[in-house]
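# Sequence first, predicted model second:
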Amino acid sequence: MSATPQPAASSGISARGAALLTLGSIVSVQGGAALATTLFEEVGSSGAVLLRAFFGAAVLLALTRGAPLRTREWPHRDVVLLGLAVTIVNLLFYAALTRLPLGIAVTLEFVGPLGVAVYGSRRPRDVVWVVLAAAGIVLLSDGTGGEGIDPLGVVLALAAGLFWAAYIVQSARVGRLGPGAGGATMAAVISTVLVAPLGIAQGGGELLDPAILAVGAAVGILSTAIPYVAEMEALRRLPQAVFGVMMSLEPAVAAAVGFLALSQGLAPVEVVAIGLVVVASAGALRTAATAPKDA
């Protein structure tokens, strides 16, 4: 079975364009994650996930004019599984963020995309990028200042990584069901419904505070609406292995966002780690741009 999603007939996005979409998605997600941490004290991690899911779904429904709700195509098993994967990975990751710095949490979570890249690799050059990315992750993990890492936070982040891998696989499958953001929209709706009980229980009345809602809306747009659309389009043109390798940029962007937005400093060894993952991502960009097109 080919790991390369078939491009939609209406899409004119090249492999290089798809790679750039993936990079934009990464920046958007990490910016949203940093913003979400400001909600934890008021509504908890589950409340933040609910706000992210609700506003992300609302934006996607607006973009698609609610069409996915009126079709029989999207209650597909793969769409339901994608919604479930999104729900679990977000709950686990946000819970990890309450115990770990952003850069460390994303580094540990990256075990999922890295696993997808290794499993789906078909060419030696892909393995090179994976090795470089893995070396960067190891350095980033060891360069945390020696203050110790919360054990439960580590478990939560690693578990989130496993479901992130499931998200990548399911995104590719849903992307093949049809063009546009219909599948992503329905997955976001499903995720909102699934996380609502936990989010309401933890967030309570604070979820209705106008200031909280405004931040939640920004998180939903940055972390859900933009990435869903960008990644769904990218996965129609990129092999899953290449997509997984490109996600190696996540720890670097997370560390940079943590430094700029959350005042989480960077040690010299972390700068080296960032350099390694940037090189890995650049290699993946080149691989994506030169990948043979399917007939």
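Great, that's in hand.
# Only C-alpha atoms from now on, for both contacts and neighbour counts.
OK.
# number of nearby residues for Gly275?
Using other C-alpha atoms under 10 Å, Gly275 has 17 other residues around it.
# ok, it - contacts?
Applying C-alpha atoms under 8 Å, 6 or more residues apart in numbering to Gly275 gives the contacts Gly136.
# Same check on the one 5 residues further on?
Residues counted as contacts of Ala280 (C-alpha under 8 Å, 6+ apart) are Trp129, Val130, Leu132, Ala133, Val245, Met246, Ser248, Leu249.
# now the first one, nearest residue through space, not along the chain?
What that stands for is Trp129. By the measure of C-alpha to C-alpha, 6 or more residues apart in numbering, the closest residue to Trp129 outside its immediate chain neighbours is Ala280, 4.7 Å from it.
# Closest one to Ser223 out of the contacts of Ala280, please.
Within these, distances to Ser223 taken as C-alpha to C-alpha reach their minimum at Leu249, with 15.9 Å.
# For the strand or helix carrying Thr107, which outside residues touch it?
For Thr107, the host element (DSSP states H and E) is helix 102-109. Here helix 102-109 makes contact (C-alpha under 8 Å, 6+ apart) with 33-34, 93, 96-97, 137, 140-141, 144, 153-154, 157-162, 164, 250-256, 258.
# could you dump that helix to CSV, C-alpha only?
In CSV, the C-alpha atoms belonging to helix 102-109 read as follows (Å, rounded to 0.1, in the frame of the first residue of the first chain):
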residue,chain,number,x,y,z
LEU,A,102,6.7,23.9,25.8
GLY,A,103,10.0,22.9,24.1
ILE,A,104,10.5,19.8,26.3
ALA,A,105,6.8,18.6,25.9
VAL,A,106,6.9,18.9,22.1
THR,A,107,10.3,17.2,22.0
LEU,A,108,8.9,14.2,23.9
GLU,A,109,5.7,14.2,21.9
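# Report the rounded mean pLDDT for that helix.
For helix 102-109, the mean pLDDT works out to 84.
# how distant is it from the center of its chain?
Relative to its chain's centre, helix 102-109 lies at 12 Å (C-alpha atoms, centre = their mean, to the nearest Å).
# What residues of it count as buried?
Neighbour-count burial for helix 102-109 flags Leu102, Gly103, Ile104, Ala105, Val106, Thr107, Leu108, Glu109 (criterion: 16 or more other C-alpha atoms under 10 Å).
# ok, now how distant is Ala135 from Trp129?
10 Å (C-alpha to C-alpha, to the nearest Å).
# who's more crowded, these two?
The neighbour comparison of Ala135 against Trp129 (other C-alpha under 10 Å) goes to Trp129, with 26 against 17.
# Give me the pLDDT for Ala159.
pLDDT, Ala159: 93.
# if you skip the residues just before and after it, what's nearest to it?
Closest to Ala159 by C-alpha to C-alpha, 6+ apart is Leu92, at 7.0 Å.
# Good, we can wrap up now.
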